[in-house]
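Visitor: got a predicted model here, sequence first, then my questions.
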Amino acid sequence: MLEAGEEDKAGQWDISINGFKDADYGVSASYPQLHIRREVGGGASVWGGWCTGMREIAMSRTDLEGYPQWPIDHAELLPFYSRAASFLKIADYEPSLIDAIAVENFDNLAVKAFRFSPPVRYPADFSNHVAKSEKIVLATGVTVLSLKGRDGHASAVEVSFNGQTHTLHCNKTIVLAAGAVGNARVLARSAMQLGIADAVASNIGKYFFEHPHCYSVAEVVFTPHLAAELAKQKYSSNGFVSLTPKKDFLIQNGLTDFNFQIHPIAVNKSDARTLSIAQNYRNIYGVEPQFYDATLGMEQAIHSQNFSVLDDGTLNRKNDGHLTLDLSGQKKIVAAAKKWLLTNGVHAWIAPPEQASIVAVGHLHGSTRMAREQDKGVTDANCRVFGLDNVYVAGSSVFPTGGYSNPTFTIVALATRLGDYLATKNI
């Protein structure tokens, strides 16, 4: 197991960004340093722990022109979530695999359950296991530069260690698990020597997408009946409720998926408008209002080949990657989502003084996406790189789509599935 980082420090990858508005959760760090980390465990050292399974509509959408297709079915992935839940130490995970929990007496509203995984950290959870294992040898501070081989078979790994370049010979299976940028970087630098077909090579690094959010897009107040219903424990995700539209609404309106994560908050007694709304609510309904902070999470609307994590500098080893993103397609989702919530039990929508920005949140996907045919992706349904007999890819870089679900749960489910496949093949 070759790990570019080291156990006691995090170095900075040379990743440039364009078109991003940082959502750094109060952490003073650059976007790449926060989300593309050069240390043992990578991004797992900072990830937040919210988990939910992908919705079926985000894996099998045929009504939208150009919408990417997964080469595996949603039902095929479900059994692997249960094992991923054990790995991630998620209690009561079953509700999070339900696409839509209906909100009683509200035909257009549903809830998607999230569950919290106690942050899984390499030092605490795996270092002893790796140290004692007779099957795992961990080499830290080793950066993989490229794969070497010919005729569709990788037979060596070119690495950098202590400022020097070395070649490690290996005829066994190679699994790249270097993140959405790193996986693409290694494959792109190796494509010509390995004999990767042009149709596949042209897709490496392309179709990069994120998981856009509008944080605190509004404060909302629901009608008493809906407020009372949403207060029931069966809808709660550890202190918040994730409201989501049903599949029919998305199809009828040609929208990619979205959800509102609503958190109860206290009435802002220093804001005259809020106090007026609260008094109006009491006069109409005769009860105290509950205010909620609403954050909008969205599936990215545009999956374009133009969005790549690589540039000429990356291929020439002058930088480690380039992130560029156009989130303009989300404006339609924001407007439609607001209208949907307003027409389904909302008494008041209180927008912030400044319009909430649409931001990328650190969920990088798609740069080596899986597909049924090699002209549409980089890996097949088993995460094997098209045309190579011993190179596989793990991580969210293989996702054709991501829905609005945080990707970690699905990453681990797919990794478990890949592990089973490799074990079955005695690879």
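Guide: In hand now; what should we look at? Residues are numbered from 1 along each chain as shown.

Visitor: what's stretch 419-427 in contact with?
Guide: Defining contact as C-beta atoms under 8 Å, 6 or more residues apart in numbering, one finds that stretch 419-427 is touched by 80, 172, 173, 175, 382, 383, 390, 392. Where C-beta positions appear, they are placed from N, C-alpha and C, glycine not excepted.

Visitor: just the buried residues from the residues you listed, in PyMOL please.
Guide: With 16 or more other C-beta atoms under 10 Å as the criterion, this PyMOL line picks the buried residues out of the contacts of stretch 419-427:
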select buried, resi 80+175+383+390+392
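
Visitor: now, the most widely separated pair of the contacts of stretch 419-427?
Guide: 80 and 172 (23.7 Å; C-beta to C-beta).

Visitor: SS state for the residue of the chain most remote from its centre?
Guide: In the chain, counting by C-alpha atoms, centre = their mean, residue 283 sits farthest out from the average C-alpha position, at 44.0 Å. Secondary structure for residue 283, judged by DSSP: H, G, I helix; E, B strand; the rest coil, is helix.

Visitor: for it, give its distance to residue 277.
Guide: Residue 283 sits at a distance of 11 Å from residue 277 (criterion: C-beta to C-beta, to the nearest Å).

Visitor: also residue 118?
Guide: 38 Å.

Visitor: out of these two, which sits in the busier spot?
Guide: residue 277 (20 against 12; other C-beta atoms under 10 Å).

Visitor: touching, residue 121 and residue 41? I think so.
Guide: Yes - at 6.7 Å, residue 121 and residue 41 qualify as touching, with contact defined as C-beta atoms under 8 Å.

Visitor: of these two, who's got more company?
Guide: residue 41 (20 against 15).

Visitor: any idea how far residue 182 is from the more buried one?
Guide: Separation of residue 41 from residue 182 (C-beta to C-beta) stands at 14 Å.

Visitor: what do the two both touch?
Guide: Common neighbours of residue 41 and residue 182 are not found (criterion: C-beta under 8 Å, 6+ apart).

Visitor: wait, a helix at residue 146?
Guide: No - membership of residue 146 in a helix is not supported by three-state DSSP, which gives strand.

Visitor: now do the same for the closest residue to residue 58 other than its chain neighbours: its pLDDT.
Guide: In this structure, residue 58 finds its nearest non-sequential neighbour in residue 403, 3.1 Å apart by C-beta to C-beta, 6 or more residues apart in numbering. Per-residue pLDDT puts residue 403 at 96.

Visitor: what residues are up against residue 403?
Guide: 54, 55, 57, 58, 59, 257, 299.

Visitor: can you redo those as JSON lines with pLDDT?
Guide: Below are the contacts of residue 403 laid out as JSON lines (pLDDT from 0 to 100):
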{"residue": "54", "pLDDT": "96"}
{"residue": "55", "pLDDT": "96"}
{"residue": "57", "pLDDT": "95"}
{"residue": "58", "pLDDT": "95"}
{"residue": "59", "pLDDT": "94"}
{"residue": "257", "pLDDT": "97"}
{"residue": "299", "pLDDT": "96"}
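
Visitor: for stretch 35-50, which positions count as buried?
Guide: 35-47, 49-50.

Visitor: okay, it in PDB with CA atoms only?
Guide: What follows is stretch 35-50, C-alpha atoms only, in PDB (Å, rounded to 0.1, in the frame of the first residue of the first chain):
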ATOM      1  CA  HIS A  35     -10.400  18.400   0.600                       C
ATOM      2  CA  ILE A  36      -7.400  16.900  -1.200                       C
ATOM      3  CA  ARG A  37      -5.100  16.000   1.600                       C
ATOM      4  CA  ARG A  38      -1.500  14.700   1.400                       C
ATOM      5  CA  GLU A  39      -1.500  12.600   4.500                       C
ATOM      6  CA  VAL A  40      -2.200   9.000   5.500                       C
ATOM      7  CA  GLY A  41      -6.000   8.500   5.100                       C
ATOM      8  CA  GLY A  42      -6.300  11.500   2.800                       C
ATOM      9  CA  GLY A  43      -9.600  13.300   3.100                       C
ATOM     10  CA  ALA A  44     -10.800  10.900   5.700                       C
ATOM     11  CA  SER A  45      -8.800  12.900   8.200                       C
ATOM     12  CA  VAL A  46     -11.300  15.800   8.000                       C
ATOM     13  CA  TRP A  47     -14.500  14.400   6.600                       C
ATOM     14  CA  GLY A  48     -17.700  15.200   8.600                       C
ATOM     15  CA  GLY A  49     -19.400  11.900   8.900                       C
ATOM     16  CA  TRP A  50     -23.000  12.400   7.500                       C
END
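
Visitor: could you give the average pLDDT over that stretch?
Guide: Here the average pLDDT along stretch 35-50 is 84.
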